[in-house]
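*Asks:* sharing a model that was predicted from the sequence below.
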Amino acid sequence: MSLGKTSKYLKYALGEIILVVIGILIALQINNWNIANKDKKKEAVYLSKIESNLEDDIALYKSIMSQDSTMLDQLNILMRSLTDESETEILKIRRNIPFLMTTQSFTPNKTTFDNMISSGQVEIITNDSLVEQLFLYYREVNLLNNGIDKALLDYSRNTFGPFILSYGDINHRNEDIDHYKNHPFLVNGTFFKLNMVSGQIRAYDQQIKRAQNLIDMVKNELGDD
């Protein structure tokens, strides 16, 4: 091969290599774009489901808070019946003493977030601040479940339940109201239950605000108004 032809073939080969490299880079770029596009769509699906879960949480919080408000009213009536000497109707005690043994607790709808964690998909959410707030929100849910919710459940069922069942027949027509008047355990227990239920309402109100803030962040990520 002459020197001229060798140079020509080298230039041709180099050009072919460059074209192949460019083709590979373009293919990689298209592949990366496709992956990013799929991840973005998958992220939108997850965020929409998280938004729905949080809306379920808010609805349940509000339902429990409404029941708690009714419970507070009845417990306040019970407290007056136990401590006010002018109150002589045992019927008010009969009607309201069962509220000492009842309670409500919150169970979150966190199926989407749990699935994301178990499948290693949390990183698909690109907003790090949103991910952090989600972890903080569900951590607070766990703290409440193991804190005031558990305390209310244990106190209501394991403390008041056995006491009321063994203390007397509150449904007996001839039951003497003095049997219950100013009873230290009943009075102190009712006062304590009032404070615990009020605390649960305040805690749930804060959780509603956290959940709503997360919903707003999710809507912003999805581009919703």
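*Replies:* Happy to help now that I have it.

*Asks:* alpha carbons only for contacts and neighbour counts from here, please
*Replies:* Noted.

*Asks:* list the contacts of the lowest-mean-pLDDT helix or strand in the chain.
*Replies:* Here the helix or strand of the chain ranked lowest by mean pLDDT, DSSP states H and E is helix 161-167, holding a mean of 73. Helix 161-167 is contacted by residues 100-101 when judged by Cα atoms under 8 Å, 6 or more residues apart in numbering.

*Asks:* at 10 Å instead, please
*Replies:* With Cα atoms under 10 Å, 6 or more residues apart in numbering as the test, helix 161-167 has contacts from 97-98, 100-102, 154-157, 160, 170, 179-180, 185-186.

*Asks:* write a PyMOL command that selects only the buried members of those residues.
*Replies:* Filtering the contacts of helix 161-167 down to the buried ones (16 or more other Cα atoms under 10 Å) takes a single PyMOL command:
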select buried, resi 97+98+100+101+155+156+160+170+180+186
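
*Asks:* so what does the longest helix seen in the chain touch, helix or strand wise?
*Replies:* As assigned by DSSP state H, the longest helix anywhere in the chain is helix 3-83. The contact analysis (3 or more Cα pairs under 10 Å, 6 or more residues apart in numbering; DSSP states H and E) places helix 3-83 against helix 90-96, helix 111-118, helix 184-222.

*Asks:* okay, and for this protein, where does confidence drop off?
*Replies:* Within the chain, the set of residues satisfying pLDDT under 70 comprises 1-6, 8, 31-37, 39, 167-175, 225.

*Asks:* so for it, the centremost residue is which one?
*Replies:* The centroid of the chain falls nearest to P108 when counting by Cα atoms, centre = their mean (4.3 Å).

*Asks:* what is the burial count for the residue lying closest to that residue once chain neighbours are set aside?
*Replies:* Nearest residue to P108, sequence neighbours excluded (Cα to Cα, 6 or more residues apart in numbering): D57, at 5.8 Å. Other residues lying near D57 total 21 when counted by other Cα atoms under 10 Å.

*Asks:* does D57 touch A211 like I think?
*Replies:* Yes - taking contacts as Cα atoms under 10 Å, D57 lies within contact range of A211: 7.7 Å.

*Asks:* residues shared between the contacts of those two?
*Replies:* E51.

*Asks:* of all the contacts of helix 161-167, which two lie farthest apart?
*Replies:* Taking Cα to Cα as the measure, the contacts of helix 161-167 reach their widest spread between D154 and H179, a distance of 25.3 Å.

*Asks:* where does S86 land in three-state SS?
*Replies:* Judged by DSSP: H, G, I helix; E, B strand; the rest coil, the three-state class of S86 is coil.

*Asks:* from T190, how far off is it?
*Replies:* 19 Å (Cα to Cα, to the nearest Å).

*Asks:* of these two, who's got more company?
*Replies:* Taking other Cα under 10 Å, S86 and T190 do not tie; T190 has more neighbours (21 against 8).

*Asks:* that one contacts M71, doesn't it?
*Replies:* No - the pair T190 / M71 is not scored as a contact, 11.2 Å apart, by Cα under 10 Å.

*Asks:* who touches both of these two?
*Replies:* 99-100.

*Asks:* which residue is the nearest non-sequential neighbour of L222?
*Replies:* The nearest residue in space to L222 (Cα to Cα, 6+ apart) is A44, at 6.5 Å.

*Asks:* I'm done for today, thanks for sticking with me.
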